[in-house]
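Chemist: sequence-free structure coming up:
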């Protein structure tokens, strides 16, 4: 014949077990939240990105600054002081492009004046390179 065994569970032990189960679940959830990468809603990675461009024998840098959701600034920085004497229309084109990029938040549909169109295309290519690196 088998004997019937009774198991006595004390309320104190039951409460301890429940508390430890809740703490364990909280720790597991916290670890999962820290490990899973955050899905940022921003369009860009914040920061400043620079692209080197060459116009003729001279070189310059196109620099774009981004926040999470917008292009905040653009700069065209020639590497030498003789650049402005050799390519004065490039600086004018860069100013036009800067204004349009910040207004439109894109290099699409940028209108260049005829005088600076060749240099402007090179500057836009440099800006596109910066935008491509900043995109998420």
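Modeler: Yes, it's here. Predicted model only: the values in this text are computed from it and were never measured.
Chemist: what's the first helix or strand after the longest helix along the chain?
Modeler: As assigned by DSSP state H, the longest helix anywhere in the chain is helix 11-35. Using DSSP states H and E, the helix or strand that follows helix 11-35 in sequence is strand 47-55.
Chemist: other SSEs contacting that next one?
Modeler: strand 58-66, helix 117-134 (3 or more CB pairs under 8 Å, 6 or more residues apart in numbering; DSSP states H and E). For the C-beta atoms, the positions are set from N, CA and C on the backbone; glycine is no exception.
Chemist: follow-up on the earlier one: so how far is the longest helix of the chain off the chain centroid?
Modeler: Put simply, helix 11-35 sits 37 Å off its chain's centre (CA atoms, centre = their mean, to the nearest Å).
Chemist: with stretch 103-117 instead?
Modeler: Taking mean C-alpha positions (CA atoms, centre = their mean), stretch 103-117 and its chain are 23 Å apart.
Chemist: what comes up buried for stretch 124-136?
Modeler: 124, 126-131, 134 (16 or more other CB atoms under 10 Å).
Chemist: which of those residues lies closest to residue 52?
Modeler: For the buried residues of stretch 124-136, the closest approach to residue 52 (CB to CB) belongs to residue 126, at 7.5 Å.
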